[in-house]
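Visitor: A predicted structure for the sequence below; I have some questions about it.
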Amino acid sequence: MCYNELVSRGYEVTTGKTYKGEIDFVISNGTERCYLQSAYLLGSDDVIKRGFGAYSSVKDNWPKYVVSMDTLDFSGMESSI
């Protein structure tokens, strides 16, 4: 669902590989980039660590997001992992 929405909006979408795993979506419009991890729900500490932890080896300053169907705001979680 995320992939289809991003492509329909004109973004180039690929996956990213890190030495620790994979980033679900690397989104680009030619001049800018962002990273997106998706999870249905962030229901356990393991899922939260996996979602936000995927970015631990990405050292650039492009925006990094984790999206889910949760109604709670998990903004700032990456600073506690």
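Guide: Good, I have the coordinates. What you see is a predicted model, and the numbers here were worked out from it, not measured in a lab.
Visitor: quick one: stretch 31-42 to chain centroid distance?
Guide: Counting by CA atoms, centre = their mean, to the nearest Å, stretch 31-42 is centred 2 Å from the centre of its parent chain.
Visitor: so which elements touch the one helix or strand Lys49 maps to?
Guide: Following DSSP states H and E, the helix or strand that holds Lys49 is helix 45-53. Packed against helix 45-53 by the contact rule (3 or more CB pairs under 8 Å, 6 or more residues apart in numbering; DSSP states H and E) you find no helix or strand. All C-beta spots, glycine's among them, are computed from the backbone N, C-alpha and C.
Visitor: buried residues, that helix. List them.
Guide: 48, 50-53 (16 or more other CB atoms under 10 Å).
Visitor: state the next helix or strand along the chain beyond the helix or strand of the chain with the lowest mean pLDDT.
Guide: Here the helix or strand of the chain ranked lowest by mean pLDDT, DSSP states H and E is helix 45-53, holding a mean of 88. Counting by DSSP H and E, the next helix or strand C-terminal to helix 45-53 is strand 64-67.
Visitor: tell me which strands that next one pairs with, and in which orientation.
Guide: strand 33-38 (parallel) (DSSP bridges).
Visitor: list the residues that contact Val7.
Guide: Val13 (CB atoms under 8 Å, 6 or more residues apart in numbering).
Visitor: does it sit in a helix or strand, and which one?
Guide: Going by DSSP H and E, Val7 is part of helix 2-8.
Visitor: can you list the buried residues in the very next helix or strand once past that helix?
Guide: Downstream of helix 2-8, the first helix or strand assigned by DSSP H and E is strand 12-18. Neighbour counts over strand 12-18 (16+ other CB under 10 Å) mark 13, 16 as buried.
Visitor: quick one, strand 12-18 and strand 33-38 angle?
Guide: 80 degrees (axes from the mean of the first three to the mean of the last three CA atoms, to 10 degrees).
Visitor: how long is stretch 7-14 from one end to the other?
Guide: 10 Å (CA to CA, to the nearest Å).
Visitor: that stretch - what's its average pLDDT?
Guide: Mean pLDDT, stretch 7-14: 96.
Visitor: change the start of the numbering to 53 and stick with it
Guide: Done: numbering now begins at 53, and the last item shifts to stretch 59-66.
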